[in-house]
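Asks: Next input, structure requested:
(one chain, ligands or ions: 1)
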Amino acid sequence: MSKIVLIGANHAGTAAANTILDQYPGNKLTIFDSNSNISYLGCGTALWIGKQITDTKGLFYSSAKILTDKGAEVRMETSVERIDFAGKTVYAKGKDGAEIKESYDKLILATGSLPIEPKIPGTNLKNVHFVKLFQDGEAVNKALDDPGVKKVAVIGAGYIGVEIAEAVKRRGKKVLLFEAAPTSLVTYYDSWFTDDMDKNLADNGVELHFGEMLKAIEGSDKVTGVVSDKGSYDVELVIMSIGFRPNNALGKDHLKLFPNGSYQVDLHQQTSDPNVYAVGDCATVWSNAIGGPAYIALATNAVRSGIVAGHNVGGTPLESGGVQGSNGICIFGFKMVSTGLNVAAAKKAGFDPVYTDYEDLQKPAFIDGENGKVKLRVVYDKKSRRILGAQMASHYDVSMGIHMFSLAIEEKVTIEKLALLDIFFLPHFNQPYNYITMAALSAK
Ligand SMILES: Cc1cc2nc3c(=O)[nH]c(=O)nc-3n(C[C@H](O)[C@H](O)[C@H](O)COP(=O)(O)OP(=O)(O)OC[C@H]3O[C@@H](n4cnc5c(N)ncnc54)[C@H](O)[C@@H]3O)c2cc1C
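Replies: Predicted structure coming up:
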């Protein structure tokens, strides 16, 4: 029997815990989490704020009780304050202030990420919110209920900022969306796609302030405005979403770190300390597109890494297959999905990327209704011809198509191989010369 301590029980931690409890029941598992809830699906925050869903119960898929009933010792609202790695002991503080000491044979760090706070004046004012926890969603909801809040600045047009901008607009407020980059969603998409998303946002009434850097939030007690390098704007609420940083406080002085501070792990999720594993947003992932470690903070990666760590800690050696950073977004009904690298990211990773584009209807033109235009870009390496990434956009739901590209990247498929792939045709679903085949056939 091993003594396993798990710190953090959100997506990565819950996946690791379930794997250990379900498949390796002989071990003693102690779980610490500083929060009062676990398994909160942050992806639901925007839907909830935008009142597209009313019941938040469905945003949780596990609980301390479920894990306790399976045999874990779960200590909620208990923050681990330090770890003696040489003595293999963690020291935590409960909400009553009592110190708890727990030794381990194996330790799993699943401490996640924290919102990045810009170093500008005014971030401590009332009505400045970050969106990460369930409690943050509650606070933003309450702030938006105030009829005095008419104008809201959303800072950062990554996928969370864009989603929150839509949600706030749905609440009938004026939304100013600020982004230092020239477009939204620069990490995942090329401008052929982001131009469409930016137009979609503007068409739906979001005021875009792209290429504009926030310099200060103004107000004496409560927010009254924001100042950028291009102007000053009156707003009553600010929602910050400029990204996340790995929460490495407990291990940063002991474990090997990636340049952004995340715990560097191998394919077993093992850190530089053989008794310590790290999973989810606090750790690196292996990017199959880059062929090296990367930091991609997504719940999907968190869950998979938790499962891998759970097996390894439980005694079954298991390697992660790596990830492609597959992601999707749906804003005012306009959907974009991508996997792997966009052109800019591929260049940054040292490739010589070229791409092939195709735009067509999903189904033959004779199909009335439930049809729509689809845009596809496949990015590949000029020399090796290996597929590096793909982006798709449509009002129609084409999301399942991106999974094939994800596997293609993982399996190092070339663009030529894709051109001759067996893709079925039925007018109810697609076209005989469908856009995937056509994009691959027209690759230079
Ligand atoms: C608004 C929003 C929308 C998102 N949408 C999506 C989406 O659509 N799809 C997607 O794939 N991903 C999405 N994400 C990202 C996803 O939520 C994260 O990647 C995921 O939460 C990472 O899970 P994690 O368990 O690694 O870390 P976290 O969720 O950060 O959890 C870490 C846990 O560790 C605990 N903890 C930290 N330090 C300590 C300590 N010292 N002692 C005890 N406990 C500690 C915390 O209380 C927390 O419960 C979204 C994130 C946000 C904020």
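
Asks: CA only for contacts and neighbour counts going forward, please
Replies: Will do.

Asks: Enumerate every residue touching residue 73.
Replies: 29-31, 67 (CA atoms under 8 Å, 6 or more residues apart in numbering).

Asks: any idea which of those residues is closest to the ligand?
Replies: The closest of the contacts of residue 73 to the ligand turns out to be residue 31 (CA to the nearest ligand atom; 8.4 Å).

Asks: The closest one touches residue 7, doesn't it?
Replies: Yes - applying CA atoms under 8 Å, one finds residue 31 in contact with residue 7, separated by 6.0 Å.

Asks: Burial check on the closest residue to the ligand within the stretch 51-200 of the chain, number of neighbours?
Replies: Here the residue of the stretch 51-200 of the chain nearest the ligand is residue 112; by CA to the nearest ligand atom that distance is 3.1 Å. Neighbour count for residue 112, taken as other CA atoms under 10 Å: 26.

Asks: do the same with residue 39
Replies: Close neighbours of residue 39, defined as other CA under 10 Å, add up to 19.

Asks: same check, this time on residue 348
Replies: Neighbours of residue 348 under the rule other CA under 10 Å: 13.

Asks: Residue 420 now?
Replies: 11.

Asks: Please report how far it lies from the ligand.
Replies: To the ligand, residue 420 is 31 Å away according to CA to the nearest ligand atom, to the nearest Å.

Asks: how close does that residue get to residue 392?
Replies: 20 Å (CA to CA, to the nearest Å).

Asks: do residue 161 as well
Replies: Relative to residue 392, residue 161 is positioned 20 Å away (CA to CA).

Asks: In stretch 328-339, which residues are buried?
Replies: Using 16 or more other CA atoms under 10 Å as the test for burial, stretch 328-339 gives 328-331, 334-339.

Asks: Could you point out the longest helix of the chain?
Replies: In the chain, assigned by DSSP state H, the helix with the most residues is helix 299-314.

Asks: Show me what whatever helix or strand comes next after that helix is packed against.
Replies: On the C-terminal side of helix 299-314, the closest following helix or strand by DSSP states H and E is strand 327-331. Where contact means 3 or more CA pairs under 8 Å, 6 or more residues apart in numbering; DSSP states H and E, strand 327-331 is packed against helix 159-170, strand 334-340.

Asks: okay, the ones you listed in TSV with distance to residue 243 and mean pLDDT next?
Replies: Converted to TSV, the helices and strands packed on strand 327-331 look like this (distance: least, CA to CA, whole Å; pLDDT from 0 to 100):
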stretch	distance to residue 243	mean pLDDT
helix 159-170	8	98
strand 334-340	19	98
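
Asks: wait, which of these is closest to residue 306?
Replies: Distance to residue 306, taken as CA to CA, is lowest for strand 334-340 among these, at 21.1 Å.

Asks: now the angle between strand 327-331 and that closest one, please.
Replies: Between strand 334-340 and strand 327-331, the angle comes out at 170 degrees (axes from the mean of the first three to the mean of the last three CA atoms, to 10 degrees).

Asks: if I pick the residue of the chain lying at maximal distance from its centre, what's in contact with it?
Replies: Going by CA atoms, centre = their mean, the residue of the chain most distant from its centre is residue 366, 38.5 Å out. Contacts for residue 366 (CA under 8 Å, 6+ apart) come out as none.

Asks: which stretch of helix or strand covers it?
Replies: Counting by DSSP H and E, residue 366 is part of no helix or strand.

Asks: Now residue 376. Its backbone dihedrals?
Replies: Backbone torsions of residue 376, given as degrees, to the nearest 10, read phi -130, psi 130.

Asks: one step back: need the residues that contact the longest helix of the chain.
Replies: By CA under 8 Å, 6+ apart, the list of residues contacting helix 299-314 reads 4, 11-20, 23-24, 27, 106, 108, 268-270, 277-281, 285, 317-320, 323.

Asks: For the helices and strands packed on strand 327-331, give me a markdown table that also has distance to residue 399.
Replies: Shown next, in a markdown table, are those (distance: least, CA to CA, whole Å):
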| stretch | distance to residue 399 |
| --- | --- |
| helix 159-170 | 16 |
| strand 334-340 | 6 |
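
Asks: Could you dump those into TSV and include distance to the ligand?
Replies: Below are these laid out as TSV (distance: least, CA to the nearest ligand atom, whole Å):
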stretch	distance to the ligand
helix 159-170	5
strand 334-340	11
